[in-house]
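A.B. asks: fold the stuff below for me.
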Amino acid sequence: MKIFACFVLMAGAVFAQTAPATDVPRMANGKPDFQGVWQHPYVPDMSKDARDQKGAGPLPYTAFGENDFKTYDVSVFDYTGHCLPFGMVRSHNAPYPIQIMQNDKYLAFLFEQSQWFNIVPIGKEHPADPDPTWFGNSVAKWDGDTLVIDSIGFNGKTRLDTIGHGHSDQLHVIQKLSPKDATHFNYEVTVDDPKMYSKPWTNTRVYTRMKPGDELIEYSCEENNKDYTSGHIK
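C.D. replies: Residues are numbered from 1 along each chain as shown. Predicted structure coming up:
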């Protein structure tokens, strides 16, 4: 078995794996119930507070990945400015609430950002040859009280965060949701992309349940539509 060393990148509170809390809401099957509307830290730069055994350091770029990041110029083209999908990782890094819907077979992330969604089957396997998409192909399994989400099949057209850390269509993402108590869960995301990075690296943060009655609001991204501005459509 090939074993990878990981960078651990801390965003927000320090991540600590703890014993299962007794006040965690649970589904009828006994698994943690993550349903609700959640706020989370805005993470515009996933390399912030990078740590390895030698202390602070940059992301473990390949030569290709380093050049991709150094030559990225948001002023030339920012796909999000054209209302294209953020992609799965950047949607979790954006500063907007996320609603989680859940049953025994599925977990779904509903992103306030542009009202996108990501549906995750629980207990299934990836298709043999998934069609490349903006949010990838995600499946999940339980590891005790931790829900482990495995995602592949990305189209390589998005960025990981606001400042533009890149990824390719070889991106493999593992997310772990671990309940802390009734109103918090630990979120851990590991990025594995051999074209961009020489080894996997991990970023962690804490999600906080919003108060009862808080709901997602409508978010409409409207690219400059010349049919309207040029008078083609009245």
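A.B. asks: how many neighbours does residue 73 have?
C.D. replies: For residue 73, the number of neighbouring residues by other CB atoms under 10 Å comes to 9. C-beta coordinates here come from the backbone N, C-alpha and C atoms, glycine included.
A.B. asks: can you tell me how far it is from residue 42?
C.D. replies: According to CB to CB, to the nearest Å, residue 73 and residue 42 sit 22 Å apart.
A.B. asks: what residue is smack in the middle of the chain?
C.D. replies: residue 89 (3.0 Å; CA atoms, centre = their mean).
A.B. asks: per-residue confidence at that one?
C.D. replies: At residue 89, the pLDDT value in this model is 97.
A.B. asks: which residues touch the nearest residue to it once chain neighbours are set aside?
C.D. replies: Spatial nearest neighbour of residue 89, excluding adjacent residues (CB to CB, 6 or more residues apart in numbering): residue 160 at 4.8 Å. Neighbouring residues of residue 160 by CB atoms under 8 Å, 6 or more residues apart in numbering: 46, 87, 89-90, 93, 166-167, 191.
A.B. asks: before we move on, back to that, am I right that the residue nearest to the centre of the chain sits in a strand?
C.D. replies: No: remark: residue 89 does not belong to a strand; assigned using DSSP: H, G, I helix; E, B strand; the rest coil, it is helix.
A.B. asks: make 223 the first number, not 1, from now on.
C.D. replies: Got it, first residue is 223 now, which makes that one residue 311.
A.B. asks: nearest to residue 345, of the contacts of residue 382?
C.D. replies: The closest of the contacts of residue 382 to residue 345 turns out to be residue 311 (CB to CB; 23.2 Å).
A.B. asks: pLDDT below threshold where in the chain?
C.D. replies: Residue ranges of the chain with pLDDT under 70: 223-244, 271-279, 446-456.
A.B. asks: again, 80 this time
C.D. replies: Within the chain, the segments meeting pLDDT under 80 span 223-244, 271-279, 444-456.
A.B. asks: contacts for the longest helix belonging to it?
C.D. replies: Ordering each helix of the chain by length in residues (DSSP state H) puts helix 285-292 first. Applying CB under 8 Å, 6+ apart, the contact partners of helix 285-292 are 281, 283, 386-388, 415, 417-419.
A.B. asks: report the contact partners of the closest residue to residue 313 other than its chain neighbours.
C.D. replies: Among residues not flanking residue 313 along the chain, residue 333 sits closest, at 4.8 Å (CB to CB, 6+ apart). Residues in contact with residue 333 (CB under 8 Å, 6+ apart) are 308, 313, 316, 318, 320, 339-340.
A.B. asks: from these, which would you call buried?
C.D. replies: 308, 313, 316, 318, 320, 340 (16 or more other CB atoms under 10 Å).
A.B. asks: identify the farthest-apart pair in the residues you listed.
C.D. replies: Farthest-apart pair in the buried ones among the contacts of residue 333 is 318 and 340; separation 13.9 Å (CB to CB).
A.B. asks: how close does residue 394 sit to residue 411?
C.D. replies: 11 Å.
A.B. asks: hmm, I was thinking of residue 327
C.D. replies: 23 Å.
A.B. asks: of those two, which one has the most company?
C.D. replies: Higher neighbour count among residue 327 and residue 411: residue 411, with 24 against 9, using other CB under 10 Å.
A.B. asks: show me what the helix or strand containing that one is packed against.
C.D. replies: Assigned by DSSP states H and E, residue 411 falls within strand 406-414. Applying 3 or more CB pairs under 8 Å, 6 or more residues apart in numbering; DSSP states H and E, one finds that strand 406-414 makes contact with helix 310-315, strand 394-403, strand 423-431.
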